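Enquirer: Predicted coordinates and the sequence they were generated for:
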Amino acid sequence: ALVHNCSAYLRLAAGVAPLRGLVSAVVRVALGLDDMLAADDDDMFAEVRMAHLLQRVRGEAAHPRLTAASVYGLMWEGGAGVVGAAGAIGRLEPGRRGDLVIVDLEALSAPYAVGDVDIWELLLARGKAAHVDTVVVDGRVLMRGRRLLHLDRDAIMAEVAAAAAAAVARRTPEETAWVEHMGREIAGHYQAPVWHRR
């Protein structure tokens with residue numbers, strides 16, 4: 001089984017997984033997120049789009065390009081298979097636990113989309129986290145009308161920022177030197193720059 005965190009691989013200069021070949025070989029593949037996303041925004045729609053674009057290169061004829069619906073399937077059914085829960089989650093059908101993400105189709109289609117456009121292609125081409133209107137997790141509505149119902153996002157963001165700033169401020173010169181050393185080692189290993197603020 002493999003979890004494909006494509007934008008993290010790109011940021012770390014770790015290469016591009018041969019997604020089409022893996023799927024053709026019936027390897028269990030899931031799309032995932034990592035803490036090195038391309039835009040640091042945890043937008044799964046953007047991650048699905050990138051995974052789809054990266055596999056749209058010339059390759060073996062035996063490994064056909066994946067459709068938009070197939071790539072989304074790697075996120076849902078693929079994720080369920082990788083964590084050993086293929087029969088319990090991953091599809092929206094009776095007897096399975098399910099979460100729902102309801103997308104604002106009008107906003108997704110703006111300013112114009114032809115009426116017979118494939119919904120998966122539309123979602124792949126234009127979908128963003130900002131298009132999510134409602135989220136239901138295991139029967140509990142967590143967001144409705146783009147408003148979080150179970151937590152105060154602004155308060156949490158402020159708390160996280162304050163805690164991170166306090167942790168950096170508490171670093172000793174030795175700890176600061178160690179962090180910088182580790183950053184250079186990681187950058188050298190992956191042959192990629194590591195972003196940090198001086």
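Expert: Arrived safely.

Enquirer: how much space between A62 and L54?
Expert: Computed as Cβ to Cβ, to the nearest Å, the A62 to L54 distance reads 19 Å. Using the backbone N, CA and C atoms, a C-beta is placed for each residue, glycine as well.

Enquirer: Between these two, point out the one with more neighbours.
Expert: L54 (17 against 9; other Cβ atoms under 10 Å).

Enquirer: all strands in this structure, in order from the N-terminus.
Expert: 2-4, 29-31, 99-103, 132-137, 140-144, 147-148 (DSSP state E).

Enquirer: Mind pulling the model confidence for G59?
Expert: Among the per-residue scores, G59 shows a pLDDT of 66.

Enquirer: cool, C6 as well?
Expert: Taking C6 on its own, its pLDDT is 88.

Enquirer: for M182, same thing?
Expert: 89.

Enquirer: Poorly predicted segments of the protein, please.
Expert: 36, 59, 192-198 (pLDDT under 70).

Enquirer: Chain neighbours aside, what residue packs nearest to the residue positioned nearest the centre of the chain?
Expert: Taking Cα atoms, centre = their mean, the centroid of the chain lies closest to M44, which sits 3.4 Å from it. Among residues not flanking M44 along the chain, L33 sits closest, at 6.4 Å (Cβ to Cβ, 6 or more residues apart in numbering).

Enquirer: repeat for R20
Expert: Nearest residue to R20 in three dimensions, chain neighbours excluded: H63, at 3.8 Å (Cβ to Cβ, 6+ apart).

Enquirer: and the one you found, backbone torsions?
Expert: Phi and psi for H63, reported as degrees, to the nearest 10, are phi -120, psi 80.

Enquirer: Take the strands of the chain and lay them out in JSON lines including distance to R171.
Expert: Listed next are those as JSON lines, based on distance: least, Cβ to Cβ, whole Å:
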{"stretch": "strand 2-4", "distance to R171": "32"}
{"stretch": "strand 29-31", "distance to R171": "35"}
{"stretch": "strand 99-103", "distance to R171": "39"}
{"stretch": "strand 132-137", "distance to R171": "37"}
{"stretch": "strand 140-144", "distance to R171": "35"}
{"stretch": "strand 147-148", "distance to R171": "33"}
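
Enquirer: Pick the most deeply packed of those.
Expert: Burial of the strands of the chain is given as mean neighbour count (mean count of other Cβ atoms under 10 Å); strand 29-31 ranks first at a mean of 22.

Enquirer: How about residues contacting it?
Expert: 1-6, 19, 22-23, 44, 47-48, 51, 71, 74-75, 78-79, 81-83 (Cβ atoms under 8 Å, 6 or more residues apart in numbering).

Enquirer: please redo it, this time with the cut-off set to 6 Å
Expert: Contacts to strand 29-31, defined as Cβ atoms under 6 Å, 6 or more residues apart in numbering, come from residues L2, V3, H4, L22, V23, A51, L74, M75, G78, G79, V82.

Enquirer: Among those, name the buried ones.
Expert: Those of the contacts of strand 29-31 that meet the buried threshold are V3, H4, L22, V23, A51, L74, M75, G78, G79, V82, by 16 or more other Cβ atoms under 10 Å.

Enquirer: wait, which of the residues you listed is closest to A162?
Expert: In terms of Cβ to Cβ, no member of the buried ones among the contacts of strand 29-31 lies closer to A162 than V3, at 32.1 Å.
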